[in-house]
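>>> Provided below for reference: sequence and predicted model.
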Amino acid sequence: MNLTMKTALLVLSVAGLALPGVGSAQTQDLDVEIAQLRASLADAKSDYEARIAALEQRLQRAEQLAGSASRDADQAIDIAEQAAIDATSSSSAANTYNPALGAVLVGRFGDVERSWDSIPGFISGGEIGPGGSGFSLGESEINLNANIDPRFFGNLTLAVEDDAGETEIGLEEAWIQTTTLPHGIAAKAGRYFSNVAYLNGFHRHSDEFADRPLPYQAFLGGQYIADGLQMTWLAPTALFLEFGAEMNWGSGFPMSGNGESGPDAWTLSGKVGGDIGDSQSWQAGLSYLRVDVLERNAGDDAVPGEDFSGDSNLAIADFVWKWAPAGNSTVNNFKIQGEYFHRDEKGSFASLPYDGMQSGWYLQSIWQFRQGWRVGARYDEVSSDNGTLFAGTILQDPSWTPRRASVMLDWSPSEFSRLRMQYTDDRVQDAGGSQFLLQYLMSLGAHGAHRF
Amino acid sequence: MNRLIALILILISPMQASALQIFACEPEWGSLARELAGDAAQITTATTAYQDPHRLEAKPSLIAAVRRADLLICTGADLEIGWLPLLLRRSGNTAIKPGSPGNLLAADFVRRIELPDRIDRGEGDIHPQGNPHIHLNPHNVERVAKALADRLRQIDPAGSSGYQAREKEFLARWQEATATWEDRAMNLAGLRLVSHHRGFSYLADWLHLDILADIEPKPGIPATAAHLATLVEALGPNPPAGIVRTPYTDSKASLWLSEKLGVPAMQLPYTVGGSDRATDLFGLFDDTLTQLEALRR
């Protein structure tokens, strides 16, 4: 403790002793002052309280206003948003109800060493064979489809083709289908691609090779297009399970119309399919086609008298298996498919009793090695066992197995265009030969999704 | 033989008829349906995050699933044009026909952006009804959630109170999460990106990201060397913060450009299941923001 502090303490204690000695008059003055101070403090307090209350009231009003303003703003946003949604959703024009309209343009260039239009051991019909050399148009297709009303869907496909300088319009598909039958049942009537086999349900422009496999050409004239009534039932199961039946009439190959009211042909088919993990999908099917044949002949090339009448029973087994990494087929994917045909026929051919069988199969595989680019290979063959009676006719069994081996490469710049080249080692006829085909397939306008 | 018959019977036996069957075209809607319909519903999701929703096939398994569906929720705006119409027609299921309560198209409930000026296939695989990748804006998810909850109540009135409660609970969590994401997004505004396909346009619109270019020269058309070279030239002087793509996109073009520009290429989850952390819609946005924040730094 230094000297200065000691002095200060001394002064303070002296002053403290002196205080009680202050006069009582002075004390009274102080009391009055204190009372006055208290009063003015109370005044100020009530004043502030009033002001605070007023402020609180104003704040509350402001909050209310802000609340309703924000509600208004929210409403305005909702209205604007809804208007924007409506503006982007609505479409209304005179042509709103026009059906989906699409066309497929096909052209090809062929270098065909030895062409053919019949397959040894078979009565061949329809449009078969590798075609000629040089550039030619294939079938150009025009397709229209739409819902007709709440109950029916309709589809029309015209095939426009040039045949020896004359333009021919063929009716490829013209069918209606129910859309509201319950329990997974659908009925189709008109001209349609029969439900038998696997590839038969596809338009040819979606095929992976420029021509149909040999069994299709030998047994179905390329594609079994039927006129009649088709029923399908899709089972309500986790596994895909679909059954179909058809009653078909008409005179197109492979049928031969008998002109009776009963169907000329009927079919049964069953398909089953599913997935194995994310990457693999498969489908397998069995189908049966029974035809009551009347005078089936080889069309334009028919030798008089060489025609078949009788019962025809064709059974077909098919499978397809597809793989893509994690199920993403955009860049890479792989597909393998095969079908086996077996036909038993009994009746008469060229005024002789006929009882024979034919069979055929193909196996093909497609690998997409980069986006838009695919390679594929296919082997197909058919064989016949018509018996020894028919030497010298078109049903004479060949001493070889009509067969082909093909490879193809195609490029699809987009989903709507495809360019393809295909090489085939063709042993359908005894001499055999090679074929080189270039093809373009382009689709414009509406283009329906392809089946699995 | 008896075993085989038993196996076949199990395989083909109808699923429990009591559970509501929901068919969702994309994982985001499958996940939303799970949030709103709860565990009782049976949900089939047609695609995974690793499959391109533009390019699916009408597979047998999907036809079978659509056949049994009580409610179908898909994006619409022509995203599934290549496969959904065929599935609907082949399934013959009238409950989910277009226009019926069982058919819900999410894009009908939101404002669509990038409506094309010219509808011409010469412009690539454009969508006349605007960009269909609508789910990467949480406000759109909210709108679809409300619409889906309405439909669930309409289709399954017995479960109405349950759907109501789940909707309320989900929307509360969703709005809270959206507010958090929007706080985080302040730092992301103006982030410059290159995207592979226009799959992130709604994300960019919401977060104010700046998508400078697409790797696809035209929508749906694979990248070409010439187009990539143009990008390098145009972006080289002032490169973007990163290059983003979806899990279903081939990485080659992105990685090539990333190397040329010296900026990271990033696979964003894009949808539920697109990354380990995107296990539901919340995880999808959390992870997307986290990845974008990494580009910001």
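Happy to help now that I have it.
>>> Residue of chain B nearest chain A, please.
In chain B, the residue found nearest to chain A is B:Pro60; the distance is 2.8 Å by Cβ to the nearest Cβ. Glycine gets a C-beta too; all of them are placed from N, C-alpha and C.
>>> Neighbours of that residue, how many?
Counted by other Cβ atoms under 10 Å in any protein chain shown, the residues lying close to B:Pro60 total 25.
>>> cool, the one 4 residues further on as well?
When neighbours are defined as other Cβ under 10 Å, B:Ala64 has 26 of them.
>>> Can you mark which positions in the longest strand along chain A are buried?
When every strand of chain A is counted residue by residue (DSSP state E), the longest turns out to be strand A:352-370. Buried residues in strand A:352-370, counted by 16 or more other Cβ atoms under 10 Å in any protein chain shown: A:Tyr354, A:Gly356, A:Gln358, A:Ser359, A:Gly360, A:Trp361, A:Tyr362, A:Leu363, A:Gln364, A:Ser365, A:Ile366, A:Gln368.
>>> One more: stretch A:153-162?
The neighbour-count criterion (16+ other Cβ under 10 Å) identifies A:Phe153, A:Gly154, A:Asn155, A:Leu156, A:Thr157, A:Leu158, A:Ala159, A:Glu161 as the buried residues of stretch A:153-162.
>>> CA atoms only: put it into CSV for me.
Output in CSV follows, covering the C-alpha atoms of stretch A:153-162 (Å, rounded to 0.1, in the frame of the first residue of the first chain):
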residue,chain,number,x,y,z
PHE,A,153,-58.8,-49.7,-81.4
GLY,A,154,-58.2,-49.8,-85.1
ASN,A,155,-55.1,-50.3,-87.2
LEU,A,156,-54.5,-50.1,-91.0
THR,A,157,-51.3,-50.9,-92.8
LEU,A,158,-50.9,-50.6,-96.5
ALA,A,159,-47.9,-52.0,-98.4
VAL,A,160,-47.0,-50.2,-101.6
GLU,A,161,-44.9,-52.2,-103.9
ASP,A,162,-43.6,-51.9,-107.4
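>>> backbone phi and psi for B:Asn140, please?
In terms of degrees, to the nearest 10, the main-chain angles of B:Asn140 are phi -70, psi -40.
>>> contacting residues for A:His205?
Neighbouring residues of A:His205 by Cβ atoms under 8 Å, 6 or more residues apart in numbering or on different chains: A:Val104, A:Val106, A:Glu141, A:Leu441, A:Ser443.
>>> I'd guessed the second one sits against A:Leu437; true?
Going back to what we said before, that points to A:Val106. No: under the criterion of Cβ atoms under 8 Å, A:Val106 makes no contact with A:Leu437, lying 11.8 Å away.
>>> returning to that earlier point: looking at the buried residues of stretch A:153-162, spot the one nearest chain B.
Nearest to chain B among the buried residues of stretch A:153-162: A:Phe153, at 6.9 Å, using Cβ to the nearest Cβ.
>>> What distance do you get for the closest one to B:Gly76?
Between A:Phe153 and B:Gly76 the distance, using Cβ to Cβ, to the nearest Å, works out to 20 Å.
>>> Name the residues of the helix ranked longest in chain B that come out as buried.
Secondary structure of chain B per DSSP state H: the longest helix is helix B:160-185. Judged by neighbour count using 16+ other Cβ under 10 Å, the buried positions of helix B:160-185 are B:Gly162, B:Tyr163, B:Arg166, B:Glu167, B:Phe170, B:Leu171, B:Trp174, B:Thr178, B:Trp181, B:Arg184, B:Ala185.
>>> next one: stretch A:421-436
When neighbours are counted by 16+ other Cβ under 10 Å, the buried residues of stretch A:421-436 are found to be A:Gln422, A:Thr424, A:Asp426, A:Arg427, A:Val428, A:Gln429, A:Gly433, A:Gln435.
>>> tell me the contacts of the last one?
In other words, A:Gln435. Remark: with contacts taken as Cβ under 8 Å, 6+ apart, A:Gln435 is in contact with A:Gly110, A:Asp111, A:Val112, A:Glu113, A:Pro130, A:Gln422, A:Tyr423, A:Thr424, A:Asp426.
>>> now the residues you listed as CSV including secondary structure?
Conversion of the contacts of A:Gln435 to CSV gives the following (DSSP: H, G, I helix; E, B strand; the rest coil):
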residue, secondary structure
A:Gly110, strand
A:Asp111, strand
A:Val112, strand
A:Glu113, coil
A:Pro130, coil
A:Gln422, strand
A:Tyr423, strand
A:Thr424, strand
A:Asp426, strand
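>>> And these, which two are furthest apart?
Greatest spacing in these, by Cβ to Cβ: A:Glu113 and A:Gln422 (13.9 Å).
>>> re earlier: can you select the buried ones from the contacts of A:His205 in PyMOL?
Selection of the buried residues among the contacts of A:His205 in PyMOL, burial being defined by 16+ other Cβ under 10 Å:
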select buried, chain A and resi 104+106+141+441+443
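>>> closest to chain B among the contacts of A:His205?
A:Ser443 (9.6 Å).
>>> B:Leu136 - nearest residue in space that isn't next to it in sequence?
When the adjacent residues along the chain are set aside, B:Leu136 lies closest to B:Leu203, with 3.8 Å between them (Cβ to Cβ, 6 or more residues apart in numbering or on different chains).
>>> so that neighbour is in which element?
With the criterion set as DSSP states H and E, the secondary-structure element containing B:Leu203 is helix B:201-207.
>>> Contacts for that helix next, please.
By Cβ under 8 Å, 6+ apart, the surrounding residues in contact with helix B:201-207 are B:113-114, B:131, B:133-140, B:185, B:188-189, B:191, B:193, B:195, B:209-211, B:288, B:292.
>>> Which residues of the stretch 101-250 of chain B lie near chain A?
B:108-112, B:115, B:121, B:124-125, B:129-130, B:220-222, B:248, B:250 (Cβ under 8 Å from any Cβ of the partner chain).
>>> Of those, keep whichever come out buried.
The neighbour-count test (16+ other Cβ under 10 Å) marks B:108-112, B:121, B:125, B:129-130, B:220-222, B:248, B:250 as buried among these.
>>> any idea whether A:Leu30 is helix, strand or coil?
Taking three-state DSSP as the rule, one finds A:Leu30 in the helix state.
>>> how close does it get to chain B?
Using Cβ to the nearest Cβ, to the nearest Å, one obtains 60 Å as the distance from A:Leu30 to chain B.
>>> So which of the contacts of A:His205 are in strands?
Where the contacts of A:His205 overlap with strands, as defined by DSSP E, the overlap consists of A:Val104, A:Val106, A:Glu141, A:Leu441, A:Ser443.
>>> so the closest residue to the first one other than its chain neighbours bridges to which residues?
This points to A:Val104. In space, A:Val104 comes closest to A:Glu141 once its chain neighbours are excluded; the distance is 4.2 Å by Cβ to Cβ, 6+ apart. For A:Glu141, the beta-bridge partners under DSSP bridges are A:Val104, A:Ala159.
>>> Any chance you could list what contacts whichever strand or helix holds B:Ile211?
Secondary-structure assignment from DSSP H and E places B:Ile211 in strand B:210-214. With Cβ under 8 Å, 6+ apart as the test, strand B:210-214 has contacts from B:190-198, B:200-201, B:204, B:231, B:234-235, B:240.
>>> what's the domain layout of chain B?
Chain B breaks down into these structural domains: B:17-179, B:187-296 (assignment by automatic domain parsing).
>>> the helices in the chain, which residues?
Let's take chain A. Residue ranges of the helices in chain A, as given by DSSP H, are A:3-18, A:24-89, A:214-220.
>>> nope, chain B
For chain B, the helices defined by DSSP H cover B:2-12, B:27-37, B:60-68, B:84-91, B:138-155, B:160-185, B:201-207, B:225-235, B:252-261, B:281-296.
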